[in-house]
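K.L.:
here is my input, please return the structure:
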Amino acid sequence: MSAWALLEGVKVVEMGQALAGPFVGTIFADLGAQVVKVESPDGDATRGWGPPHIAGDASVFHYVNRNKVSVALDLGDAADKERLDALLAEADVFVHNMRPGAAAKLGVDAETLRARFPKLIHGDIAAFGHVGPKRMQPGYELALQAYGGILSITGGPGAGPTRAGPSIMDFGTGMWMALAIAAALFRRSVTGEGCRIEGSLLETAVSWMGLHLANYATDGKLPVPMGVGLPLVAPYGAYEASDGPIIIATGSDPLFDRLAKALGHPEWSEDPRFATNSKRTENRDAIDAAVNEVIATRSKAEWVDELVAAGVPCVPIQNSADLMADEQVRALGILAPEPGGDVPIVGMPFNIEGQRPPMRRTASSREDIAKARETVSAAMAAGEEVFGKLFAD
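P.N.:
Sure thing, here's the model as predicted:
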């Protein structure tokens, strides 16, 4: 077993669409599990999200579906339902993020499947949750960033709501679901029993709002958008150098003392307005103005070099092109192409025994998903293991 293949031997059937459900499968596949993605005969709609495209399918489809085998099944067809049953009979995990009510209509809800397969771990991702008045309401990333409070604290003062750039609801929900399923697999190794796990984009949003909700519950003050700032510490945010902004983050009094000395104003640490973080947050406008006045006198590169040398957290604001070329990102080896490809894909954000889970298999093409259906049929007819046949190559 390879060091990174922590989930080798685990078999997952994923009926994921868009991002949240497929990302659960991605995590498991990257860690060595055999993940079979069940798509409709027309293919996952995410294949058409673009441009840009890789080999005819959207680049985002490749990102969340590498290392899996996809099979096209029409669950309204009796023969295809038997093919799905053959997969589920071997599976350890079934995970989906279908619209509310769809799983029960197709007979793949937790109650139905766990009655037939008691060891199965059933993961169900919804938009607004599985109970409550909005449980049947569908929803996407932006809707849940809004309803879950995220848009109330993003963007700058008076700038209006700003969507968090990354799909933090989708990918965050996928992460939580993967963590819960991994814990369920551990418990099953002791008890022999599977379980039902339910998660939702709304619950993820509320969890991301936890810090702000704790503050509001304590003092009754609504959090407000602060751009790149943070209400709990100061100075903390973007400061304009002569050629653009840099980020400075001083999360403690010793760090502020280093910043003050590096900026040529050691007396700031003794100023009653700035002596402690609590005082600096009360006088945020004053300390921000003082820092900005000094930072404006030199370039971004000069300040980043000087402040980092002084032990002050300071970085430039990088874009996608910068990240692709960044020596630190390159050193981490987190970007790698799929087999036979040349487009870098972001891998798992950790390594195991010094090795990052690799890109072993490209996302299934539209031609592949039709062929995989026949592979399932052949395995069933021969009495062979279906997963084994699909992953034989």
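K.L.:
tell me, what residue is most central in this structure?
P.N.:
For the chain, the residue sitting closest to the mean C-alpha position, by CA atoms, centre = their mean, is F171 at 2.8 Å.
K.L.:
and the residue lying closest to it once chain neighbours are set aside, how far from R99?
P.N.:
Closest residue in space to F171, ignoring its immediate chain neighbours: F23 at 5.5 Å, by CB to CB, 6 or more residues apart in numbering. (C-beta placed from N, C-alpha, C; glycine too.) Distance, F23 to R99, by CB to CB, to the nearest Å: 18 Å.
K.L.:
the more surrounded of these two?
P.N.:
F23 (26 against 15; other CB atoms under 10 Å).
K.L.:
residue contacts, the residue lying farthest from the centre of the chain?
P.N.:
Most distant from the centre of the chain: E267, at 43.5 Å, with distances by CA atoms, centre = their mean. The neighbourhood of E267, defined by CB atoms under 8 Å, 6 or more residues apart in numbering, consists of A260.
K.L.:
if you set the cut-off to 10 Å instead, what comes out?
P.N.:
260-261, 274 (CB atoms under 10 Å, 6 or more residues apart in numbering).
K.L.:
all helices of the stretch 51-200 of the chain, in order?
P.N.:
59-65, 78-90, 102-106, 110-116, 141-147, 168-191 (DSSP state H, counting those that start in this stretch).
K.L.:
and those, which is most packed in?
P.N.:
helix 59-65 (a mean of 23; mean count of other CB atoms under 10 Å).
K.L.:
how far does that one sit from the chain's center?
P.N.:
Here helix 59-65 is found 13 Å from its chain centre; the criterion is CA atoms, centre = their mean, to the nearest Å.
K.L.:
ok so D257 is a helix residue?
P.N.:
Yes - counting by DSSP: H, G, I helix; E, B strand; the rest coil, D257 is found in a helix.
K.L.:
surely it and T250 touch.
P.N.:
Yes - D257 lies in contact with T250 (CB atoms under 10 Å); the separation is 8.9 Å.
K.L.:
shared neighbours, the two?
P.N.:
Common contacts of D257 and T250 (CB under 10 Å, 6+ apart): V312.
K.L.:
that older thread, of the contacts of E267, buried ones?
P.N.:
By neighbour count, with 16 or more other CB atoms under 10 Å, the contacts of E267 hold 260, 274 as buried.
K.L.:
format the contacts of E267 as a markdown table; extra columns: distance to H53.
P.N.:
Converted to a markdown table, the contacts of E267 look like this (distance: CB to CB, whole Å):
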| residue | distance to H53 |
| --- | --- |
| A260 | 51 |
| K261 | 52 |
| F274 | 53 |
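K.L.:
what's the end-to-end length of stretch 107-125?
P.N.:
End-to-end span of stretch 107-125 (CA to CA, to the nearest Å): 16 Å.
K.L.:
now do the same end-to-end measure for stretch 140-151.
P.N.:
14 Å.
K.L.:
now it: mean pLDDT?
P.N.:
Stretch 140-151 shows a mean pLDDT of 94.
K.L.:
next secondary structure after the helix or strand the residue nearest to F171 falls within?
P.N.:
Secondary structure from DSSP states H and E places F23 in helix 20-30. As assigned by DSSP H and E, the chain's next helix or strand after helix 20-30 is strand 34-39.
K.L.:
from the contact counts, what lies against that following strand?
P.N.:
Judged by 3 or more CB pairs under 10 Å, 6 or more residues apart in numbering; DSSP states H and E, strand 34-39 is in contact with strand 11-15, helix 20-30, helix 59-65, strand 69-72, helix 78-90, strand 93-96, helix 366-382, helix 386-390.
K.L.:
closest one to A182 among these?
P.N.:
Of all those, it is helix 20-30 that lies closest to A182, at 8.4 Å by CB to CB.
K.L.:
ok so, going back, adding mean pLDDT and distance to G123, write the helices and strands packed on strand 34-39 out as CSV.
P.N.:
Formatted as CSV, the helices and strands packed on strand 34-39 follow (pLDDT from 0 to 100; distance: least, CB to CB, whole Å):
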stretch, mean pLDDT, distance to G123
strand 11-15, 98, 9
helix 20-30, 97, 7
helix 59-65, 95, 16
strand 69-72, 97, 18
helix 78-90, 96, 13
strand 93-96, 98, 4
helix 366-382, 94, 22
helix 386-390, 96, 18
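K.L.:
who are the contact partners of the residue nearest to A72 when sequence neighbours are not counted?
P.N.:
Counting by CB to CB, 6+ apart, A72 lies nearest to I369, which is 4.1 Å off, once chain neighbours are set aside. By CB under 10 Å, 6+ apart, the contact set of I369 is 37-44, 47, 69-73.
K.L.:
same thing but 6 Å
P.N.:
Residues counted as contacts of I369 (CB atoms under 6 Å, 6 or more residues apart in numbering) are 39, 70-72.
K.L.:
same deal with D109?
P.N.:
By CB under 6 Å, 6+ apart, the neighbours of D109 are A103.
K.L.:
how near is the nearest residue to G388 once chain neighbours are set aside to L232?
P.N.:
Of all residues not flanking G388 in the chain, A379 sits nearest, at 7.5 Å (CB to CB, 6+ apart). Distance, A379 to L232, using CB to CB: 56 Å.
K.L.:
what do you get for S252?
P.N.:
For S252, the distance to L232 - CB to CB - is 12 Å.
K.L.:
please apply the same query to R66.
P.N.:
From R66 across to L232, the span is 38 Å (CB to CB).
K.L.:
neighbour-wise, which of those two wins?
P.N.:
Neighbour count, other CB under 10 Å: between R66 and L232, R66 has more, with 24 against 12.
K.L.:
confidence score at that one?
P.N.:
Note for R66: predicted pLDDT of 95.
K.L.:
likewise for G123?
P.N.:
Looking at G123, its pLDDT is 98.
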